[in-house]
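Chemist: coordinates only, no sequence provided:
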Ligand SMILES: [Zn+2]
C-alpha cells in the first residue's frame, strides 16, 4: 500500500515539475524594437480634413436605391482637393462608379505589390437615436480632444490617415520599391459586392497577385480590455463566415379547440431549443490558438500555467472560454435565433411558422457543415431548412502569422505605440478583405486605434468618435508602415 502511495506521489511530483517547467519556458517571441518618433509638420489641418470627411454623408443602405450618389461623388472631390500630391503622382481608377483604386508604381517590378484597403461608406444612424449623440452624427465636431461622428472609427479615420501618410511621403519624394495599391471601397457595409469584389476582379484580370493586404478588422485594446492588462494590438488573420437559415415548421392548421399533439409552433420551439442546447463543437485552433500562444506568457501565473500546458488543460480552457459570450464566439460557430414568426389569431392553429437563425462560422467549419449540423440536431420531418437571403459565406482562409509582412506590421505597431503587445487574432465581423483572399495569401486586418470598454459600442452605435492624439499617431503609423513594407 505504502509503495502505491509513494509511486502516486512520485508521479504527481513529476507532473507538477513538468507543468512548472513548461510554464517557466513559456515565453512570447517578441522582437526587440525601438520607438520611432515621426514629427508631423502640421497637426491641425489633418484633423480638420478628417472632420470634413465625416460631414459627407456616404451612407450605405441595404436597399441601394436609398444611396445618395451625390455624397459619394462629393467624397471623391473632397479627396482630390485634400490630397493634391497623391492625385498628381498616383494612377486612379474608378470601379463601379464609386469605389477607387489608386496605384503607386514601385521602382522594382519584380516585387509583388502590396495593398492598403479601406472603405468610405458608413452605416446609417439608427432612427430614434439621433438626439442621443453628444454632437450630431454628421457634424464632424472637434471637441474635448476628439473628432466626433459616424464613420470616424469605421473607418474614415483609417482611410484619411492612410491618405495623409501617402501625401506626406509623395511630397517628401519617397519612392516605394514595390508597387502599392490603395483600394477604397464604397459598399463594404453591405458586403462589398460592387466595390471590393470588382476591384479584385480587375486586379485578377490584370494578373496582379498581392504580397499582402492590410484592412480594418481589429484594433488596439487598451489595458482595461486587454487580457494581459497591457495594451494589445490584434492583427486579424481571418474572418468568420456567415449564414442565416430559415427553419420552417409545418403543422395542422385549424381551430385551436382541438389541437393535435404536435403543432407547428411546438415543433419550431423545440427546434430552436435543440439548436441552442446542441451548439457546434468548440475548438482551440487557428487564429485563436495563435492569439492565446501570443498573450499566454503575459497572463497572471495561474492562467499562464494553464495556457503553457494546453496538452493537459485544453478541455478546461475551452470550458472557461465558453462561459463568456465574447470568448465563446472566438472558439465556435455561434448560433443566434434572430427572428420568429407564425400565427395570426389566438384561436387559430397556424399551418406553418418560421424562425431565422444566424450562424457566424469559425474557420475550420463551413456553411455546408452548419446545415448538416442543423438537420441532425432538429431531426424532425415536419421541419424544412433553407438558406435565407444571399447564400452563406464560408470563413476566410487564415493568413500567416509568421510571414515577413506580418512581422513588419508588428514591428511598426511597436515602433509607433511603444509598450503595446501584438498578437494575431480572428475577426468576428465581415470586412472587404474576404474578397482579396482571391488574390493574396496574406490578408491582415488591423487599424491602429485604441479601444476601451465603452468604445466597442460606439462602432455602428451612438457617439462614435476618434481621439485626435490617436488619429495623429495613426498617420505616423501608416507612414512608418509604408516605409517598412514597401522596400525589400
Ligand atoms: Zn468598416
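Modeler: Everything's here; your move. Since the structure is predicted, the reported quantities are computational estimates derived from the model, not experimental observations. Residues are numbered from 1 along each chain as shown.
Chemist: name the SS class of residue 116, please.
Modeler: For residue 116, the assignment made with DSSP: H, G, I helix; E, B strand; the rest coil gives strand.
Chemist: ok, for the residue in the chain that the ion sits nearest to, nearest residue in space, not its chain neighbours?
Modeler: Among the residues of the chain, residue 154 lies nearest to the ion; the distance is 4.1 Å by Cβ to the ion. Yep, even glycine has a C-beta here, placed from its N, CA and C like the rest. Ranked by Cβ to Cβ, 6 or more residues apart in numbering and with sequence neighbours excluded, the top spatial neighbour of residue 154 is residue 459, at 5.0 Å.
Chemist: helix/strand/coil for that neighbour?
Modeler: Assigned with three-state DSSP, residue 459 falls in the coil class.
Chemist: begin at 46 from now on, thanks
Modeler: Understood, numbering begins at 46; the last thing we discussed is residue 504.
Chemist: if we can go back for a sec, pretty sure the residue of the chain closest to the ion is touching residue 168, no?
Modeler: Yes - with contact defined as Cβ atoms under 8 Å, residue 199 counts as touching residue 168 (7.4 Å).
Chemist: list residues touching both of those two?
Modeler: Here residue 199 and residue 168 share the contacting residues residue 505, scored by Cβ atoms under 8 Å, 6 or more residues apart in numbering.
Chemist: these two: who's more crowded?
Modeler: Taking other Cβ atoms under 10 Å, residue 199 and residue 168 do not tie; residue 199 has more neighbours (22 against 18).
Chemist: distance of that one from residue 396?
Modeler: As judged by Cβ to Cβ, to the nearest Å, residue 199 and residue 396 stand 43 Å apart.
Chemist: for residue 438, same thing?
Modeler: Between residue 438 and residue 396 the computed distance is 33 Å (Cβ to Cβ).
Chemist: ok, now residue 176?
Modeler: Taking Cβ to Cβ as the measure, residue 176 falls 44 Å from residue 396.
Chemist: who's more crowded, the two?
Modeler: Between residue 176 and residue 396, counting by other Cβ under 10 Å, residue 396 is the more crowded of the two (14 against 7).
Chemist: surely that one touches residue 298?
Modeler: Yes - in this structure, residue 396 sits in contact with residue 298. The criterion is Cβ under 8 Å, and the distance is 3.5 Å.
Chemist: quick one, what contacts residue 143?
Modeler: 114, 117, 118, 121, 231, 232, 239, 240.
Chemist: residue 269 touches residue 498, doesn't it?
Modeler: Yes - using Cβ under 8 Å, residue 269 and residue 498 qualify as a contacting pair, with a distance of 5.5 Å.
Chemist: which secondary structure element contains residue 380?
Modeler: Taking DSSP states H and E as the criterion, residue 380 maps to strand 379-387.
Chemist: just the buried residues of that strand, please?
Modeler: For strand 379-387, the buried set under the neighbour-count rule, 16 or more other Cβ atoms under 10 Å, comprises 379, 380, 382, 387.
Chemist: just for the chain, where's the confidence low?
Modeler: Scanning the chain for pLDDT under 70 picks out 533.
Chemist: run the last query once more with 80
Modeler: Under the criterion pLDDT under 80, the flagged ranges of the chain are 46, 73-74, 533.
Chemist: near the ion, which residues of it? Just list them.
Modeler: Contact residues of the chain with respect to the ion, defined by Cβ under 5 Å from the ion, are listed as 199, 200, 261.
Chemist: how about the strands in the stretch 346-495 of the chain?
Modeler: For the stretch 346-495 of the chain, the strands identified by DSSP state E, counting those that start in this stretch occupy 379-387, 393-394, 397-406, 428-432, 466-472, 488-490, 495-496, in order along the chain.
Chemist: which residues in the stretch 96-245 of the chain form helices?
Modeler: Listed in chain order, the helices found in the stretch 96-245 of the chain under DSSP state H, counting those that start in this stretch are 114-127, 129-134, 202-216, 241-250.
Chemist: of the ones you listed, which is nearest residue 452?
Modeler: For those, the distance to residue 452 is smallest for helix 202-216, at 19.9 Å, taking Cβ to Cβ.
Chemist: from the chain's centre, how far out does the helix or strand containing residue 278 sit?
Modeler: With the criterion set as DSSP H and E, the secondary-structure element containing residue 278 is strand 277-284. Chain-centre distance of strand 277-284: 8 Å, with Cα atoms, centre = their mean, to the nearest Å.
Chemist: any idea how far apart the tips of stretch 398-417 sit?
Modeler: In stretch 398-417, first residue to last residue: 21 Å (Cα to Cα, to the nearest Å).
Chemist: same deal with stretch 365-382?
Modeler: Stretch 365-382 end-to-end distance (Cα to Cα) = 23 Å.
Chemist: just the buried residues of it, please?
Modeler: Counting neighbours by 16+ other Cβ under 10 Å, one finds that the buried residues in stretch 365-382 are 366, 374, 375, 376, 377, 378, 379, 380, 382.
Chemist: correct me, but the last one touches residue 400?
Modeler: Translated: residue 382. Yes - the criterion here is Cβ under 8 Å, and residue 382 meets it with residue 400 at 5.6 Å.
Chemist: adding distance to residue 358, write the contacts of residue 143 out as JSON lines.
Modeler: As requested, these are arranged in JSON lines below (distance: Cβ to Cβ, whole Å):
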{"residue": "114", "distance to residue 358": "56"}
{"residue": "117", "distance to residue 358": "52"}
{"residue": "118", "distance to residue 358": "57"}
{"residue": "121", "distance to residue 358": "54"}
{"residue": "231", "distance to residue 358": "47"}
{"residue": "232", "distance to residue 358": "44"}
{"residue": "239", "distance to residue 358": "47"}
{"residue": "240", "distance to residue 358": "44"}
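Chemist: and the buried ones among those residues, selectable in PyMOL?
Modeler: Written as a PyMOL command, the selection of buried residues from the contacts of residue 143, which uses 16+ other Cβ under 10 Å, is:
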select buried, resi 117+121+231+232+239+240
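Chemist: how is this protein carved up into domains?
Modeler: When the chain is parsed into structural domains using automatic domain parsing, the resulting residue ranges are 90-269+445-530, 284-432.
Chemist: most tightly packed of the ones you listed?
Modeler: Compared across the domains of the chain, domain 90-269+445-530 shows the largest average neighbour count, a mean of 20 (mean count of other Cβ atoms under 10 Å).
Chemist: distance between that one and the chain's centre?
Modeler: Mean C-alpha position of domain 90-269+445-530 versus that of the full chain (Cα atoms, centre = their mean) differs by 13 Å.
Chemist: what is the end-to-end distance of that domain?
Modeler: 27 Å.
Chemist: and the helix ranked longest in the chain, what does it pack onto?
Modeler: Once the chain is assigned using DSSP state H, the helix that runs over the most residues is helix 47-70. Packed against helix 47-70, as judged by 3 or more Cβ pairs under 8 Å, 6 or more residues apart in numbering; DSSP states H and E, are the following elements: helix 346-353.
Chemist: angle of the helix it packs on against helix 47-70?
Modeler: For the pair helix 346-353 and helix 47-70, the angle between their directions (axes from the mean of the first three to the mean of the last three Cα atoms, to 10 degrees) equals 90 degrees.
Chemist: packing partners for helix 346-353?
Modeler: Helix 346-353 sits against helix 47-70, helix 355-368, with contacts defined as 3+ Cβ pairs under 8 Å, 6+ apart.
Chemist: okay if I get the ones you listed as a markdown table plus distance to residue 491?
Modeler: Rendered in a markdown table, the data for the helices and strands packed on helix 346-353 read as follows (distance: least, Cβ to Cβ, whole Å):
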| stretch | distance to residue 491 |
| --- | --- |
| helix 47-70 | 29 |
| helix 355-368 | 22 |
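Chemist: since that was my last question, I'll sign off now.
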